[in-house]
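>>> Model the following, please.
(chains A and B)
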Amino acid sequence: MSDIVNKTLYEHSLALSRGEYSSVELTRAYLDEIDRTETSIGAYITVTAEKALKTAEEVDLRRRSGEELTLISGIPCAFKDNICTKGIKTTCASKMLEGYVPPYNATVADKLEKSGAVLLGKLNMDEFAMGSSTENSAFKITRNPVDLTRTPGGSSGGSAAAVAADMAAYTLGSDTGGSIRQPASFCGVVGMKPTYGAVSRSGLVAFASSLEQIGPITKTVFDNALVLGALVGYDKMDSTTAKRSYPDFTEGINNGVRGLKVGIVKQFMGDGLSHDVKECIMKAAEEYKLMGAEIVEVSIPSLKYSLPAYYIISSAEASSNLARFDGIRFGHRADEYGNIEELYKKSRSEGFGKEVKKRIMLGTYALSSGYYDEYYKKAYGVRWLLKNDFKRAFEKCDVIISPVAPTVAYKLGEKTNNSLEMYMGDIYSVSVNIAGLPALSLPCGKGKDGLPVGMQLIGPAFSESLLYRVGYAFETYRDKGEM
Amino acid sequence: MSKELHNSDKGFDVRYIADLAMLSLNDDEIEMYEKELGEIVNFADSIKEAHIDNTDFNYDNSITNAFREDIAEKKFSRCEMLDSVSISDGEFVIVPNVVEE
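Numbers count the residues shown, from 1 in each chain, chains lettered A, B, ... in the order given. Sure, this is the predicted structure:
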């Protein structure tokens, strides 16, 4: 049974419905795989084996009784550890929340639970999702399954590594500035950052509320469309979710790209982009042309301001959001303090790690009197410049193809002492969050040392169906070996 | 400007910012953050060149807040809520004296 873990979610779905194996057998196979590889990969913070087997048993029972189930019922998954799970530790990979057990489920956790998903556990990440290599976790390092000396990317490094190493059929991550797409790219898997407002953030421990979205990481584009379908929708617990209906994202997924206009952003392809990644992206564009799409060049002139705008907005929001960690109602509380202020300061200083403290201070600075206009307000203006630039670009093309990250996965420890260099790696991903757009990251080739290279398909707001269709066309084309 | 937190001669007033952020740092940390925050702020300064006029803020009317009715409901018991508190007496959260006599 051990080889079943390398199947896709959809293959599991078919096999389960045909009775080729049960959900309990499948869950056992994943738990065995976790047992076998966790020491070398380090993807999980918590494994919920007992609960997973119990859920699997229930789903098997429901299936045997003839109940109609969803396509994801009985299939084992795992969540990034910033997604609240009732009765299961949710740590955000921080000492601050080391022992925190939420009294409620995130809306996405509820939705998947109702769909009969089997939760295997919670995944490693950069502390409070701040980072691009998962090295900021307070608990452990996650290694890239493709090359164990390299980072899986971040901040959803555990989520991407788990899928790449067959330690879950699919996972959930969160993406504030590229945190789903970049690790997906580094590990050679598929990740979707949905349109802002498509997926409820209720129960996602907040880092930068105006930028982040929860999204799926999977082996294939089709699997991704299946999972996202189970996540989207208005939620009264998140007033930023859109009141709209969503199509079945797998519908029309194989309609191809003939007649579509695929845009290449000239500012994305210039300095700073490594040669191997650029070559992969250009080759993919060429292949879209062979499939019948038209390639057009578009321009996002304000792109040069996107990184500073991102680090100002996200840190400002982080400094407000993380003010709730005061050592009183939840989270770490210092043992000794003389007065209330000392309690706050000691609890926060002991609980937060280096990068988190840095972002809180950067945000505090950007919001402080006298600096607010220069930084935060300006960054907010850049947000509109970017929105307008993308809007103009989408008048000329249907989707944009771009790199996800400037390089392939780098070595563990390579950038830990140079945060500015680490931040620069987010150059192609952050503008999508600032503009609230959807973007799909999928493997498009191999770069230096045979490491995976991901490409990013960006579309207008709520164009997820189109992105899946365009991604699926590429994946199918490559699978058929038409290259 | 209420207080100058950063200037080219003195660098970054990390001690004061940490205080606003309710963090206490030791001398080594202050030195490290002075350098690192200084670098990031220098980098972020490029945003000052961005030219933004009011016409850029063409607010999109299709995006609205989707508020729910403000109806109180009891979702959690006191006991469940107190579970995540480090120090309580089973009824209340215990904190140091806030109001001085």
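>>> what about stretch A:218-236 and chain B, any contact?
Yes: applying CB under 8 Å from any CB of the partner chain, one finds stretch A:218-236 touching chain B at A:Tyr234, A:Lys236. Backbone N, C-alpha and C define where each C-beta goes, glycine included.
>>> In chain B, which residue is most central in space?
Geometric centre of chain B, nearest residue: B:Ala21, 6.4 Å, by CA atoms, centre = their mean.
>>> Spatially nearest residue to that residue (excluding sequence neighbours)?
A:Thr364 (4.3 Å; CB to CB, 6 or more residues apart in numbering or on different chains).
>>> can you pull out the strands in chain B?
Taking DSSP state E to define them, one finds strands in chain B at B:6-7, B:11-12.
>>> looking at these, which has the lowest confidence?
Ranked by mean pLDDT, the strands of chain B bottom out at strand B:6-7, with a mean of 62.
>>> neighbours around B:Ile47, how many?
22 (other CB atoms under 10 Å in any protein chain shown).
>>> out of everything not next to it in sequence, what's closest to it?
A:Pro308 (4.2 Å).
>>> Report the secondary structure element holding that neighbour.
Element membership for A:Pro308 (DSSP states H and E) is helix A:306-321.
>>> ok, then the element right after that helix?
helix A:340-351.
>>> confidence score at whatever residue of the stretch 51-200 of chain A ends up closest to chain B?
Closest contact between the stretch 51-200 of chain A and chain B, by CB to the nearest CB, is at A:Pro103 (4.3 Å). The model reports A:Pro103 with a pLDDT of 94.
>>> number of nearby residues for it?
A:Pro103: 17 surrounding residues under other CB under 10 Å.
>>> which sections of chain B are below the confidence cut-off?
Chain B contains residues with pLDDT under 70 at B:1-11, B:55-63.
>>> try 90 this time
B:1-13, B:51-70, B:73-77, B:79-81, B:83-84, B:86, B:90, B:96-101 (pLDDT under 90).
>>> for it, what spans make up the helices?
Counting by DSSP state H, chain B has helices at residues B:14-20, B:27-44, B:78-82.
>>> packing partners for the second one?
What it means is helix B:27-44. Counting contacts by 3 or more CB pairs under 8 Å, 6 or more residues apart in numbering or on different chains; DSSP states H and E, helix B:27-44 packs against helix A:306-321, helix A:354-367, helix A:419-424, strand B:11-12, helix B:14-20.
>>> quick one: contacts for the most centrally placed residue in chain A?
Nearest to the mean C-alpha position of chain A, by CA atoms, centre = their mean, lies A:Ile180 at 2.1 Å. The contact partners of A:Ile180, by CB atoms under 8 Å, 6 or more residues apart in numbering or on different chains, come to A:Ser156, A:Ser159, A:Ala160, A:Gly173, A:Ser174, A:Gly191, A:Met192, A:Lys193, A:Gly215, A:Ile217, A:Ser441.
>>> What is the nearest of these to A:Leu273?
Nearest to A:Leu273, judged by CB to CB, of the contacts of A:Ile180 is A:Ser441 at 15.7 Å.
>>> all helices of the stretch 1-150 of chain A, in order?
A:9-18, A:23-41, A:49-64, A:107-114 (DSSP state H, counting those that start in this stretch).
>>> Do I have it right that A:Gly272 meets A:Pro403?
No: between A:Gly272 and A:Pro403 there is no contact under CB atoms under 8 Å: 9.9 Å.
>>> What separation do you get for B:Leu37 and A:Pro308?
Taking CB to CB, to the nearest Å as the measure, B:Leu37 falls 14 Å from A:Pro308.
>>> Count residues in the vicinity of B:Asp28, would you?
8.
>>> ok, the residue nearest to A:Lys345 when sequence neighbours are not counted - contacts?
Sequence neighbours aside, B:Ser24 is the residue nearest to A:Lys345 in space, at 4.4 Å (criterion: CB to CB, 6+ apart). Counting by CB under 8 Å, 6+ apart, B:Ser24 touches A:Lys345, A:Lys346, A:Ser349, B:Ala18.
>>> give me that answer again for 10 Å
A:Glu341, A:Glu342, A:Tyr344, A:Lys345, A:Lys346, A:Arg348, A:Ser349, A:Glu350, B:Arg15, B:Ala18 (CB atoms under 10 Å, 6 or more residues apart in numbering or on different chains).
>>> picking up where we left off before, thought the residue nearest to B:Ile47 was touching A:Leu420?
No: the criterion here is CB atoms under 10 Å, and A:Pro308 misses it with A:Leu420 at 11.2 Å.
>>> related to what we said a few turns ago, quick one: contacts for the residue nearest to B:Ala21?
When contacts are counted by CB under 10 Å, 6+ apart, A:Thr364 touches A:315-316, A:318-320, A:323, A:371, B:5, B:16-23.
>>> Buried residues, the one helix or strand in chain A whose mean pLDDT sits lowest. List them.
Within chain A, no helix or strand scores below helix A:419-424, which has a mean of 86 by mean pLDDT, DSSP states H and E. Within helix A:419-424, the residues scored as buried using 16 or more other CB atoms under 10 Å in any protein chain shown are A:Ser419, A:Met422, A:Tyr423.
>>> Count residues in the vicinity of A:Leu61, would you?
13.
>>> For A:Phe390, give me the pLDDT.
pLDDT for A:Phe390: 97.
>>> Not counting residues beside it along the chain, what's closest to it?
Here the residue nearest A:Phe390, using CB to CB, 6+ apart, is A:Ala435, at 5.0 Å.
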